[in-house]
Every structure is written in C-alpha cells, then in structure tokens.
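*Asks:* Predicted structure and sequence below. I'll ask about it afterward.
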Amino acid sequence: MSIQQYTAGESLLLQAENLAELVTNKQYELQPDLLQRFGDNGKVKTKQDSIYSLNYLAESVIVNSPILFTQYVSWLRKLLEGFDITQEDLTINFRLIKETLVEHFRHPDKMMVLQHLDLGIQQIGKKEEYASFITNDNPLAADVVAISATMAYHVHLVKELIAFIRQNAATVHLMQRKRWR
C-alpha cells in the first residue's frame, strides 16, 4: 500500500520517528546549549517527545479534533516546565516540527495537519489558569497551602542538588570511591 492510500494522520504516524529524528537534529543545531543543559540523554528525550507530539498530532487529524492536540500541548507545556524546559524551547521544537513537515511530509491533506499544528503552536503561548479544588471554606485549606509550600521548597532543593551533582560529578565520584575503600 502506498503512503498516499493512507489518511494524512495515518501517514504521519508511519513517518513520525523519521520526522522526529530530523526535528531533533535541527533543534540541537539551532540550540547547541541544549546539550550542555540536558546532556546526551536530553537529545534522546527530545526525539522521544517529538515522536509523542507527532503521534498526538496524527491522532487529532485522524479523528478531526484539533482540541485533542491543543489539550495535549497544554498538558505537555505544564509537564515540561517541571524538567526546566522553557516555553521558548517547546515553541522552537514545534516550529521545527512544522518546518520539517513542510519540507518532508507529502500528503494531499498536509494542510489539515499544518492547521492542527498551528493551533498547537498558538496554545503554547496561552496563559492558563488552573482552578483549585481547595477553597477557603475547606477546613483543610491552610494545611494544603502549607504542604504545597513545603513540597515546592523541597523540589527547589532537589533541583539545586541535581545541578550541583551535574557540575561536580567527577569530584563526587572520586569522593565516593575514597569513602568506600
């Protein structure tokens, strides 16, 4: 069966891995600092995330539901914030996905794919408010606020510790070897 016999979404699913490889290479050429920030594993994760994004895009096209993709983008943006991936990094990734689709994706319904993707790119920049289920009239509201603040502080400490270990990995390794002798 030729690629043209598939729907645009199905074709995109079939090509997602190859397209993600191209996107990842372009992004690391454009942003060489990513290698310093996230190491070699970051490049693997970028490709993996690009595959996921292309797959979600494909599924949204298959079911003709742009909102499926925009909701995925909102979730992804929030998730990646926790890994210190900026909104700018994500926007660059999605713009490179678009560039790669324009250059390499061949299908009569390519415009529909690009329209869904454009909505996703717009979604990256939208500020979203998340409603809390803990209201002031809840007797546990003060406890939840205190626990949230404590957790945020601990997350901050863990991030600092990870950054310290990354910067001093060789020293830490040598110290461990001496300690266990």
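*Replies:* All right, it came through fine.
*Asks:* Mind naming the longest helix for the protein?
*Replies:* Longest helix in the chain by number of residues (criterion: DSSP state H): helix 33-62.
*Asks:* Work out the gap between that one and the centre of the chain.
*Replies:* 6 Å (CA atoms, centre = their mean, to the nearest Å).
*Asks:* Quick check: which ranges of the protein have low pLDDT?
*Replies:* Scanning the chain for pLDDT under 70 picks out the ranges 1-4, 129-134, 154, 156, 158, 166, 169-181.
*Asks:* one more time with 80, if that's ok
*Replies:* Scanning the chain for pLDDT under 80 picks out the ranges 1-4, 127-181.
*Asks:* all helices for it, in order.
*Replies:* For the chain, the helices defined by DSSP H occupy 8-30, 33-62, 66-81, 87-104, 110-124, 141-167, 169-179.
*Asks:* hang on, residue 98 packs against residue 120?
*Replies:* No: in this structure, residue 98 is not within contact of residue 120 by CB atoms under 8 Å, at 9.4 Å. The C-beta positions use only the backbone N, C-alpha and C, and glycine is treated the same way.
*Asks:* more neighbours, the two?
*Replies:* Between residue 98 and residue 120, counting by other CB atoms under 10 Å, residue 120 is the more crowded of the two (26 against 18).
*Asks:* separation between the more buried one and residue 136?
*Replies:* 36 Å (CB to CB, to the nearest Å).
*Asks:* With residue 159 instead?
*Replies:* Taken as CB to CB, the span from residue 159 to residue 136 is 30 Å.
*Asks:* higher neighbour count, the two?
*Replies:* Remark: of residue 159 and residue 136, residue 159 carries more neighbours, 13 against 7, as counted by other CB under 10 Å.
*Asks:* Quick check: closest non-adjacent residue to the more buried one.
*Replies:* residue 84 (7.6 Å; CB to CB, 6 or more residues apart in numbering).
*Asks:* chain center to stretch 16-31: distance?
*Replies:* In terms of CA atoms, centre = their mean, the centre of stretch 16-31 is found 13 Å from the chain centre.
*Asks:* repeat for stretch 153-166
*Replies:* Relative to its chain's centre, stretch 153-166 lies at 21 Å (CA atoms, centre = their mean).
*Asks:* Could you do stretch 70-88 as well?
*Replies:* Stretch 70-88 has its C-alpha centroid displaced from the chain centroid by 5 Å (CA atoms, centre = their mean).
*Asks:* Stretch 52-64 too?
*Replies:* The chain centre lies 15 Å from the centre of stretch 52-64; the measure is CA atoms, centre = their mean.
*Asks:* Give me the contacts around it.
*Replies:* Here stretch 52-64 makes contact (CB atoms under 8 Å, 6 or more residues apart in numbering) with 7-10, 12-13, 16, 19-20, 66-69, 72, 76, 93-94, 97, 109, 112-113, 116-117, 120.
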